[in-house]
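Peer 1: Sharing a model prediction with you, sequence too.
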Amino acid sequence: MSAPPPRVVVTAVHPTTPDRVWPAKAVAGHRLVVRANVFADGHDRLGARVRWRRVEGAEEPGGVRQDWQDVPMADRGNDLFTGEVLPTHIGPHEFLAEGWVDPHGTWRHRVTAKLDAGQDVDQELEEGARLIQRELDRLPVGLAVEAADAVAALRDASRPPAARAAPALSPPFAATLSKLPDRLQTTTSGPWPVWVDRERAAVGAWYELFPRSYGGLRGAADHLGYVAGLGFDVVYLPPVHPIGTSARKGPGNSLVCGPDDPGSPWAIGSPAGGHDAVDPALGTMADFDAFVAAAAGLGLEVALDYALQCSPDHPWVTEHPEWFQHRPDGSIRFAENPPKQYQDIYPINFFPDREEDRVALWDACLSLVEHWIGHGIGIFRVDNPHTKPFELWAWLIEEVHRRHPEVVFLAEAFTRPAVMHRLAEVGFSQSYTYFTWRTSKAELIEYGEELAHGPDADYFRPNLWPNTPDILSGPLRNGPPSAFKLRAALAATLGPSWGIYSGFELGENQPASDANEEYAASEKYELKDRHWDSPRSIAPWVARLNDIRRRHPALRDLASLRFHPTTSPAHVAFSKQVDGDTVLVVVSLDPWEAQEGTVWIDLEALDLPWDEPLDAYEELTRQVFPWWGPEPYIRLDPEAPAHIVHLRRASGVPFSGAHRP
C-alpha cells in the first residue's frame, strides 16, 4: 500500500521551469518572489516558508553548499503564499517551499474569537500554555524566557481572561511561534534549482554595429564615444572572423559578387583562419583587444556573435570533413531553407557517425567560447541557436558557466514559441522576441502580459528589438521619424533589455521591397556610409530614453508591468513600480496624426491616493506638474508620441532628475 498523502499540500511552486530539471532564473541584487499554493483540509491556520541556499560547486572539492536561509511566506489569500529572497551571488542556487499546520495561529484565531464574543476560554488558555511549552526547546534563550512568562500568564487565574492571553497574543511573539514548522505536519516541495545571473543578463541597452562600415576595428573604436553618448550598455558586433570567398554573396544576397564586395560576415572562415581569428580586413587581434578596452573605458561591454557555421573555405572543412553533412555525390551540403539557399554557408553536423568525432566537435565549439572570453568577451549573441541541438546548448552553457558564471548568452531565435522557450529553459540568459512584429495595441498588450506574467516568465527573459539587420517591419517601413520614436519608447520601457541595429536612430526606413522585410542595400552584404547628421535622426530621443531607464529601477523591471485602459484605440498605457519608484508610460501608435483621450489608472493598486494631489515629472519634457485623480487627459502628437511620467505622493521635494541636462 502506498504511503498516505500529506495533510498539507504544497503545489504550484514557482519559479520553476516546465521540466523542473533546468533552473529558473534570478538576478543578483534583485528580489526573487517565490510563490506556492499551500492548503489542507479543515479550518486550521497554515504557515509556510522558503528555504534558500547557494550550491556553487557543491559536488567539487572546495565547493560551497550554504546553510539554508529561511524566509517566511505571507498568506495572500485563496491558498496563495509568497516570500521574497534576495540573491547576492551569481551561480547555482536552490530553494524549498514548506507548508505546515500552524497550531499557534489556529489557537490564536479561536481564543481571540471567543474573547471578542465574551465566551468562556479557560480550556483554550490552558491549551495555549501547553502549545507554547511544547516549543520551548526550539526557542533561543531570550525568547524562551518570554515564552515562559506567557505560559505563566495563561495559567494565572487571578487575572481577567484577556490579560492572561495578552502576552501570548502579542504580534512579535505570535509571529515567531507561527514561523516554526509543525513537527509532524510539515510538507516540503523541492529542492528546485535557480540560476542567479549578473544584472546584464536581464537588464541592458544594446547597440549593434558592423565594424567594416567604419573602416575596421580601429575606426569602429573611434565611434564608441557616440554609442556611449546614446546611453547604451552593450555594443554588439556581428562575426569579426575571416569571410570565405567561395560562393561569396554580393549586394542583396546576390550570387554575383564583385571583387570589392565584402560578403556576409556569417560566411565564416578562409585561409586566414576560422572562428578564433579576426578578419584581416578589420584588423588584428591586437586591434580587437584595443576595441574591447576602449569600450570598457566608456562603460560599454562588447557582445560578440557566436555563429556555429562555416564557409566552404573554413579550415574545418578540410581538417574535419566528418563535421559536415555530405550529399550523395560526396559534396558538402550548403545551408538552405527552401526555396532560400545560402551557398556561402555550410551548416555543421553536430551528431557525426562516430562518438569520438562528436566529442571532438563539441569540445572545439566550447574552446571557441573560451578563446573569446580570454579576449574580454562576457556576452555572446548566438546566431540561430534553434537550428542546433538543445543538447549541445545545455552542455555548452553549463560548461561555460561552471568556469565563468558571469557570461551571458543571448538567443537569436525568431522561431516557434516552444522552441524559443526550450532554449531559455536549457540555459540561454535571454532571447530575441516577437516584439519586432507586435505593432497593434491588442498585440502589444497580449504579448506584454505573456512576457511579464505568462507561464514562461520564470525563465524566459526578453530582449526587445524594433529592428535588426534582417528585419525592417511594421510602421518603420517607409515610416516617418515619429514611427521610430514610438517603437523606441515601447521597446525601452516595456522590457528591461532592448536593442537597436545601427541606423535605427537615423530613421533608415527603406525595405528591400514591398514583400521583403529586409533592408534595401543591406549591410549584411555591403558597406554603409551613414550620415550621422541626418535630419531624420532621433538620436537625442534614444539618448533620453536610456538616461530615463538608468534613473528608474521600475523601467529595469518586468514583473511589475501593468496595463491601464485608455479611451483612445491609438494609445497604449502601462505602469511599472519597484520599491516605491512608480513610472507611467503612454505611447501613441499613430506616427502620422495627433491622438487624444483619457487613461484610467488604478492608483490604489499602485499605492497612490486617488483623492489627494500627486507630484508628476514628465521625463521626456522635463516638466514638473501637479496631478489629481485616476483619469488624466492625454494628447500625443507625432513629434512627441510618448509620455513617461514619474508619479509619487505630493511631498514638495524636488525630483532628483528634474534638472538634469
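Peer 2: Looks like it arrived, so ask away.
Peer 1: how far out from the middle of the chain is stretch 113-125?
Peer 2: Put simply, stretch 113-125 sits 52 Å off its chain's centre (Cα atoms, centre = their mean, to the nearest Å).
Peer 1: what does stretch 439-450 give?
Peer 2: 18 Å.
Peer 1: Ok, stretch 575-585 next?
Peer 2: Counting by Cα atoms, centre = their mean, stretch 575-585 comes out at 17 Å from the chain centroid.
Peer 1: mind checking the longest helix of this protein?
Peer 2: As assigned by DSSP state H, the longest helix anywhere in the chain is helix 355-373.
Peer 1: For that one, the averaged confidence score.
Peer 2: The average pLDDT for helix 355-373 rounds to 98.
Peer 1: just stretch 239-256 next, same as before
Peer 2: Mean pLDDT, stretch 239-256: 94.
Peer 1: swap in stretch 501-521?
Peer 2: 95.
Peer 1: Next, the distance between the ends of that stretch.
Peer 2: End-to-end distance of stretch 501-521 (Cα to Cα, to the nearest Å): 15 Å.
Peer 1: hmm, back to that, contacts for whichever helix or strand comes after the longest helix of the chain next, please.
Peer 2: Counting by DSSP states H and E, the next helix or strand C-terminal to helix 355-373 is strand 379-383. Contacts to strand 379-383, defined as Cβ atoms under 8 Å, 6 or more residues apart in numbering, come from residues 200, 234, 236, 239, 266, 301-309, 369, 372, 393, 407-412, 428. For glycine as for every other residue, the C-beta is placed from the backbone atoms N, C-alpha and C.
Peer 1: Strand 379-383: how far from the chain's middle?
Peer 2: Mean-position distance between strand 379-383 and its chain equals 15 Å (Cα atoms, centre = their mean).
Peer 1: Residues touching the next helix or strand after it, excluding its own?
Peer 2: As assigned by DSSP H and E, the chain's next helix or strand after strand 379-383 is helix 390-403. Helix 390-403 has contacts (Cβ under 8 Å, 6+ apart) with 22, 57, 91, 195, 350, 362, 365-366, 369-370, 373, 382, 385, 407, 409, 422-423, 426-428.
Peer 1: Point out where the protein drops to low pLDDT.
Peer 2: Residues of the chain meeting the criterion pLDDT under 70: 1-2, 57-64, 657-661.
Peer 1: so what are the domain limits for it?
Peer 2: For the chain, the structural domains run 9-196, 206-308+355-555, 559-649, going by automatic domain parsing.
Peer 1: Highest mean neighbour count out of those domains?
Peer 2: domain 206-308+355-555 (a mean of 19; mean count of other Cβ atoms under 10 Å).
Peer 1: Of the contacts of strand 379-383, which belong to helices?
Peer 2: Using DSSP H, the contacts of strand 379-383 in helices are V369, W372, W393.
Peer 1: Now do the residue of the chain positioned farthest from its centre against A152, distance only.
Peer 2: Computed with Cα atoms, centre = their mean, the residue of the chain farthest from its C-alpha average is S158, at 61.4 Å. Distance, S158 to A152, by Cβ to Cβ, to the nearest Å: 11 Å.
Peer 1: try L255
Peer 2: According to Cβ to Cβ, L255 stands 94 Å off from A152.
Peer 1: What of V599?
Peer 2: 59 Å.
Peer 1: swap in A442?
Peer 2: Separation of A442 from A152 (Cβ to Cβ): 65 Å.
Peer 1: Check A175 too.
Peer 2: For A175 relative to A152 (Cβ to Cβ), the value is 21 Å.
Peer 1: ok so, going back, now the domains of the chain as CSV including distance to N337?
Peer 2: Listed next are the domains of the chain as CSV, based on distance: least, Cβ to Cβ, whole Å:
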stretch, distance to N337
domain 9-196, 28
domain 206-308+355-555, 9
domain 559-649, 32
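Peer 1: how many neighbours does A650 have?
Peer 2: As a burial measure, A650 scores 14 neighbours (other Cβ atoms under 10 Å).
Peer 1: List the residues that contact it.
Peer 2: By Cβ under 8 Å, 6+ apart, the residues touching A650 are E612, P613, L614, D615, P626.
Peer 1: which of those residues lies closest to G474?
Peer 2: Using Cβ to Cβ, L614 comes nearest to G474 of the contacts of A650, at 34.2 Å.
Peer 1: Nearest residue to that closest one in space, please, no chain neighbours.
Peer 2: Leaving aside its sequence neighbours, L614 sits nearest to W627 (Cβ to Cβ, 6 or more residues apart in numbering; 4.1 Å).
Peer 1: W206 too?
Peer 2: Nearest non-adjacent residue to W206, counting by Cβ to Cβ, 6+ apart: G499, 3.1 Å away.
Peer 1: what about the host helix or strand of that neighbour, distance to the chain center?
Peer 2: Using DSSP H and E, G499 sits within strand 497-501. Computed by Cα atoms, centre = their mean, the chain-centroid distance of strand 497-501 equals 13 Å.
Peer 1: now the next helix or strand after that strand against strand 497-501, angle please.
Peer 2: Per DSSP H and E, the first helix or strand lying C-terminal to strand 497-501 is helix 539-551. Taking axes from the mean of the first three to the mean of the last three Cα atoms, to 10 degrees, one finds helix 539-551 and strand 497-501 inclined to each other by 160 degrees.
Peer 1: For helix 539-551, name the packing helices and strands.
Peer 2: helix 481-494 (3 or more Cβ pairs under 8 Å, 6 or more residues apart in numbering; DSSP states H and E).
Peer 1: Tell me the spacing between the closest residue to A521 other than its chain neighbours and L527.
Peer 2: Leaving aside its chain neighbours, A521 sits nearest to P251 (6.9 Å; criterion: Cβ to Cβ, 6+ apart). To L527, P251 is 10 Å away according to Cβ to Cβ.
Peer 1: where along the stretch 151-300 of the chain do the helices fall?
Peer 2: For the stretch 151-300 of the chain, the helices defined by DSSP state H, counting those that start in this stretch cover 161-169, 171-178, 217-222, 224-229, 285-297.
Peer 1: got CSV for those helices, with distance to G77 too?
Peer 2: As requested, the helices of the stretch 151-300 of the chain are exported to CSV (distance: least, Cβ to Cβ, whole Å):
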stretch, distance to G77
helix 161-169, 22
helix 171-178, 17
helix 217-222, 55
helix 224-229, 48
helix 285-297, 49
